[in-house]
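# Take a look and give me a structure for this.
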Amino acid sequence: MAADKEIVYWSLLDNGTWRLHMAATDKGLCYVGSQGAPWEELGEWVRKRIPNHEVVEDEHVMEPYKNELLEYLEGRRREFSIPLDLRGTEFQHLVWDELLKVPFGESATYTDIAERIQRPDAVRAVGTAIGANPVLIPVPCHRMFGKHGEWRGYRGGLKMKKQLLELEK
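Residues are numbered from 1 along each chain as shown. Predicted coordinates:
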């Protein structure tokens, strides 16, 4: 391994109901995949976002991330305390930071988020940034809806979005 490569640790969270690939760097959780998606979804994301990397399966490093995610999925956690290493543009970070402020059990619209970041004209761009969220669940893009409450796409699929929203009722 070359010393200048960034290590991306990964693990599969599989509790019989949920099956999600997860990844973290030394800085924090950087990726949570779609329910039931193959490892290749994670592999492709890493190739695009972390060009000089080495991917290493490591249950020990991933344990705190898996534990918090399992606690959430089992209804025992409402907020996450794990560090995040979000990879994206400055605009995406503005949007994702606002998503993190939407409380458990509540929702917001793309328009709400655009207004909160003082870019009311950028609703479509906000939607695109939400769709690019690499950390499903801890960065709660599942809580987002269209202007009139309509369901929009979700990287994890609408079935997964529905399951997450039901967890938060």
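# Mind splitting this protein into its structural domains?
For the chain, the structural domains run 6-73, 90-167, going by automatic domain parsing.
# Would you mind measuring the gap between the ends of the last one?
Using C-alpha to C-alpha, to the nearest Å, one end of domain 90-167 lies 31 Å from the other.
# Use 428 as the first number from now on
All set: I'll call the first residue 428, so the last point we hit is now domain 517-594.
# Average pLDDT for it, rounded please.
Domain 517-594 carries an average pLDDT of 93.
# ditto for the shortest one
When pLDDT is averaged over domain 433-500, the result is 96.
# follow-up on the earlier one: right, so of the domains of the chain, which gets closest to I509?
Closest to I509 of those, according to C-beta to C-beta: domain 433-500, at 5.2 Å. C-betas here are computed from N, CA, C, even on glycine.
# Now the terminal residues of that closest one, how far apart.
The straight-line separation of the ends of domain 433-500 (C-alpha to C-alpha) is 29 Å.
# any idea how far I509 is from T538?
29 Å (C-beta to C-beta, to the nearest Å).
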